[in-house]
Each structure stands twice: as C-alpha cells, then as structure tokens.
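Undergrad: build me a structure from this.
(one chain, ligands or ions: 1)
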Amino acid sequence: MTHPGSSPLDERGTPRAELAQATRALQDEVRGTRIDGRRARELAGIVAEVARELRDSGADDEVGRLHMGPGPVNRGQTLSPVYNVDTWDGRRMQGTVTFARFHHGSVGTAHGGAIGLWADDVLGRLSRELSEGRARTACLHVQYRASVPVGAPVWFTAWADDADGRKRELHATLEDDGTALVTVDGLFVEPRIPLNGH
Ligand SMILES: CCCCCCCCCCCC(=O)SCCNC(=O)CCNC(=O)[C@H](O)C(C)(C)COP(=O)(O)OP(=O)(O)OC[C@H]1O[C@@H](n2cnc3c(N)ncnc32)[C@H](O)[C@@H]1OP(=O)(O)O
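TA: Residues are numbered from 1 along each chain as shown. From the prediction side, this is the model:
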C-alpha cells in the first residue's frame, strides 16, 4: 500500500508548508477577531509588508503557480480546507478533513462552497494519483445531507470507477459516526487538447 503523503506532489513538512499553515491561522483569526480599529490598521500594515516581501521574492507565473515542475503543486494555496490522507490502496483514499473558522458558513457549520472546494480538491488529487494525464473537473454534484462541523475532523472516503476513455467518474463521502453528511459525484475528463502546464 502506497501513501500519497510520500508523493513528490506533497509539500508536507517543508518551510513553504509552514508558511501556508501560518497563513491559514491568520485567515482564521481575521475571521473571528474583536480587535479594535486602531490596532487593526497597524496590523494591516504589517501584513501588507509580509505580502510585499513574498511578492518581491518573485518567480511565479502571475497566476500563483510557483512550482509546476517536479515538486509541490497547488499546495501553497490556503483557501482549501486541510485534509490528511491516512490510507490509499491505489483505488480508494481515506482520511480526515477539518473545516476551519475561515470556512464557517452559518450557525456553526461549514460553508457549502467550502465543502464543494474541498470535494474538487480531493477528487482532483485522486485523479492525479490514478493517472499521469491531467484530467479536469467537468461536473461536480454535491449533496448536502447533514451539517458539517467546523473545527473538528470529519472522516472522508474518495474512490474512482474504472476510466471510460478520457472520462472518469469519481466519488467521495464525508461522514461522522457512520452518518453520511455529504456525498459527491464528479466527472473528470482529460482534455482532448492538453493544456500547457496543466
Ligand atoms: C499533493 C498535491 C495534489 C494536488 C491536487 C490538486 C487538485 C486540484 C484539482 C482542481 C481541479 C479543477 O478544479 S480543474 C478546473 C475546473 N474545471 C475546468 O476548468 C474545466 C473546464 N472544462 C474543460 O476544460 C472541458 O470542458 C473539459 C476538459 C472538461 C472537456 O473538454 P473536451 O476534452 O473538449 O471534452 P469533449 O471531447 O467535449 O468530451 C469528452 C467526453 O466527456 C463528456 N463531457 C465533457 N464535459 C462534460 C460535462 N460537463 N458533463 C458531462 N459529460 C461531459 C462528453 O460528453 C464526452 O463524452 P463521450 O461522448 O466521449 O462519452
């Protein structure tokens, strides 16, 4: 059994992962802070200074893809909920995802769009583990069956049907104590005309 954690696509444990984690913590606290206006303005200046240093360190392609060769892909983005893959048997991926305060929708539950974002991300990763070809999301059907908590890990399973030419149907569930919270059915398609760098 291989573990995607050992994939060269994973930036876990790198200084860039630490930077992404610190940024996620910042996003969560900005969401919830009761800080007074004067200090908020001072902190905005400090954060702007950090952003300037990162921008001046250069080397992206102006859409945020820093590493499109071997190495981490997309992982420096801090929008997606963090998920950990615990098992991967070449067909089925299982692990946990935690929706953060940043992903809060209403009344203590995760935002439906954040759940869709996570679903696209985990199915995209599954697709990438299954095939060298760069498939893209053609269709994502998310069914919200029960509220997803914020701040607590939730169990997920993602799996694939057999490929049908360039098409592959992928599925995922989120569950808590054996109760299905969300079910997802996605269609990923390898483009007829491969996109440069994708
Ligand atoms: C550790 C780090 C990991 C890193 C992990 C990081 C993961 C990030 C993952 C993010 C993934 C994304 O968000 S990707 C970004 C969001 N998606 C996109 O931007 C895709 C935009 N759409 C497209 O580019 C295109 O429409 C494609 C590629 C989906 C399809 O175009 P095409 O290649 O021209 O396909 P085409 O010949 O028309 O159709 C091929 C077959 O697919 C079917 N088909 C095509 N589209 C659809 C559709 N929407 N719904 C149903 N069926 C469809 C057709 O009927 C046909 O079936 P038949 O007649 O053969 O039976």
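
Undergrad: state the distance from the most centrally placed residue in the chain to the ligand.
TA: Centroid check for the chain by CA atoms, centre = their mean gives Ser80 as the closest residue, at 3.6 Å. According to CB to the nearest ligand atom, to the nearest Å, Ser80 and the ligand sit 8 Å apart. C-beta here means a position set from N, CA and C on the backbone, and glycine is covered the same way.

Undergrad: thought that residue was touching Ile115?
TA: No - look at Ser80 against Ile115 with CB atoms under 8 Å: they stay out of range, at 10.9 Å.

Undergrad: strands of this protein, start to end?
TA: Ranges of strands in the chain, per DSSP state E, are 82-88, 92-98, 136-144, 153-160, 167-176, 179-189.

Undergrad: run me through the strand neighbours of the longest one, direction for each.
TA: When sheet partners are counted by DSSP bridges, strand 179-189 sits next to strand 136-144 (antiparallel), strand 167-176 (antiparallel).

Undergrad: tell me the most buried of those strands?
TA: Most buried of these, by mean neighbour count (mean count of other CB atoms under 10 Å): strand 167-176, with a mean of 20.

Undergrad: any chance you could list what contacts that strand?
TA: Contacts to strand 167-176, defined as CB atoms under 8 Å, 6 or more residues apart in numbering, come from residues 97, 115, 119, 122-123, 126-127, 130-131, 135, 138, 146, 148-149, 154-162, 180-189.

Undergrad: can you show me the CA trace of that strand as PDB?
TA: Provided in PDB are the C-alpha atoms of strand 167-176 (Å, rounded to 0.1, in the frame of the first residue of the first chain):
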ATOM      1  CA  LYS A 167     -13.600  10.200 -18.700                       C
ATOM      2  CA  ARG A 168     -13.500   9.000 -15.100                       C
ATOM      3  CA  GLU A 169     -16.300   9.100 -12.500                       C
ATOM      4  CA  LEU A 170     -15.000   9.900  -9.000                       C
ATOM      5  CA  HIS A 171     -16.900   9.800  -5.700                       C
ATOM      6  CA  ALA A 172     -16.500  11.000  -2.200                       C
ATOM      7  CA  THR A 173     -18.300  10.900   1.100                       C
ATOM      8  CA  LEU A 174     -17.900  12.900   4.300                       C
ATOM      9  CA  GLU A 175     -19.200  11.100   7.300                       C
ATOM     10  CA  ASP A 176     -19.400  11.400  11.100                       C
END
